[in-house]
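Novice: no sequence on this one, just coordinates:
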């Protein structure tokens, strides 16, 4: 499906956690190739975000989640003057430890919360993991330039600028 430039696409992500470690996907393709991200993807037409998170988790990991396992974490809105414009619903699921399964989207790896600043991630994600670990809901608004460099990120519930000068 072709999307008009600048129109926000809707996505859902499932952050899979065991203790203080996250099962993250080192992406093998764009966007965010080579970066560690939660599993997830686009919400299909007529699909609820929570159902997309369940579907995408199964497609990328083989893990079957239920709605009762997923807890709403927050929303990330990303705006740029390019075609990278997203509205992303982010869920958290605590799961049992398992060896990282094979994935056709990249390589799944367990990454400790404390090691996340040491691996390549999208510029928004460190803040997201901090909110999730603290059990605090969030609505993050991220603004990028044409080179997809993060200029500012504001937490809309509190109004606090969490990245950039505001």
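Specialist: Now that the structure is in, tell me what you want to look at. Remember, it's a predicted structure, so these values are computed and weren't measured experimentally. Numbering: from 1, shown residues only.

Novice: Leaving out chain neighbours, which residue sits closest to residue 165?
Specialist: Nearest residue to residue 165 in three dimensions, chain neighbours excluded: residue 152, at 7.2 Å (C-beta to C-beta, 6 or more residues apart in numbering). Every residue, glycine included, has its C-beta placed from N, CA and C.

Novice: Which residues does residue 42 form beta bridges with?
Specialist: Beta-bridge pairing for residue 42 (DSSP bridges): residue 11.

Novice: residues in contact with residue 142?
Specialist: Taking C-beta atoms under 8 Å, 6 or more residues apart in numbering as the contact definition, residue 142 lies against 76-79, 123-124, 150, 152-153, 163.

Novice: where exactly do the strands run in this protein?
Specialist: Counting by DSSP state E, the chain has strands at residues 9-18, 21-27, 36-37, 39-42, 70-79, 86-94, 102-103, 106-112, 138-144, 150-155, 160-163.

Novice: Tell me which of the ones you listed lies nearest to residue 62.
Specialist: When the strands of the chain are compared by C-beta to C-beta, strand 102-103 sits nearest residue 62, at 8.4 Å.

Novice: The closest one - contacts with which helices or strands?
Specialist: Counting contacts by 3 or more C-beta pairs under 8 Å, 6 or more residues apart in numbering; DSSP states H and E, strand 102-103 packs against no other helix or strand.

Novice: Could you measure from residue 143 over to residue 20?
Specialist: Residue 143 sits 30 Å away from residue 20, taking C-beta to C-beta, to the nearest Å as the criterion.

Novice: what do you get for residue 5?
Specialist: Taken as C-beta to C-beta, the spacing of residue 5 relative to residue 20 amounts to 40 Å.

Novice: For the protein, give me the ranges with low pLDDT.
Specialist: Scanning the chain with the threshold set as pLDDT under 70 gives 1-3, 166.

Novice: Strand 70-79 and the helix ranked longest in the chain, what's the angle between them?
Specialist: Taking residue count as the measure and DSSP state H as the definition, the longest helix of the chain comes out as helix 49-61. Put simply, helix 49-61 runs at 90 degrees to strand 70-79, going by axes from the mean of the first three to the mean of the last three C-alpha atoms, to 10 degrees.
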